[in-house]
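here is my input; please provide its structure:
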Amino acid sequence: MINLKPLPFAKVRVTFTLDRDTPPGPTSVVGCFNGWTPGRHVLRGRSNGKRSTSVVLPAGTALSFRYLTEGGVWSDDPAVQTRDGQGNPRITV
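Numbers count the residues shown, from 1 in each chain. Here you go, the predicted structure:
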């Protein structure tokens, strides 16, 4: 699940949320916003049984991303249907 929260100064907080154990193991979100670098935005467990991480980006940014779990397992957010030229999920914030 992706949650967008408008912030002052034309910024948007983008929160990436997954169930705590799906996919299993440590998971990070990687994408154009972090140079596709694993481990920079690790999803952390929350008290509601989910795990999440957030990034703040300029409003209007086109964002391609995927989830990467230990062992090199890639997954996509099932709610995001739009894809970029490489097949990665893409949203505009």
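
touching stretch 42-60 from outside, list them.
With CB atoms under 8 Å, 6 or more residues apart in numbering as the test, stretch 42-60 has contacts from 6-7, 10-20, 26-29, 33-34, 41, 63, 67, 92-93. (Each C-beta comes from the backbone N, C-alpha and C, glycine too.)

could you list which of those belong to strands?
Among the contacts of stretch 42-60, the members falling in strands (DSSP state E) are 6-7, 11-19, 27-29, 63, 67, 92.

which ChimeraX command selects the buried ones in the residues you listed?
The ChimeraX selection below is limited to those of the ones in strands among the contacts of stretch 42-60 classed as buried (16 or more other CB atoms under 10 Å):
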select :12,14,16,17,18,27,28,29,63,67
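
how many residues are close by the residue lying closest to residue 71 once chain neighbours are set aside?
Leaving aside its sequence neighbours, residue 71 sits nearest to residue 25 (CB to CB, 6 or more residues apart in numbering; 7.0 Å). Neighbour count for residue 25, taken as other CB atoms under 10 Å: 9.

so who does residue 25 touch?
Going by CB under 8 Å, 6+ apart, residue 25 touches 69-71, 73.

state the mean pLDDT of stretch 61-70.
Averaging pLDDT along stretch 61-70 yields 95.

separation between residue 11 and residue 93?
Noted for residue 11: a distance of 9 Å to residue 93, by CB to CB, to the nearest Å.

how far off centre is stretch 53-63?
10 Å (CA atoms, centre = their mean, to the nearest Å).

tell me the buried residues in it?
Buried-residue list, stretch 53-63, by 16+ other CB under 10 Å: 53, 55, 57, 63.

from these, which single one is nearest residue 81?
residue 63 (14.4 Å; CB to CB).

who's the closest one bridged to?
Residues in a beta bridge with residue 63, per DSSP bridges, are residue 91.

isn't it up against residue 84?
No. The criterion here is CB atoms under 8 Å, and residue 63 misses it with residue 84 at 9.4 Å.
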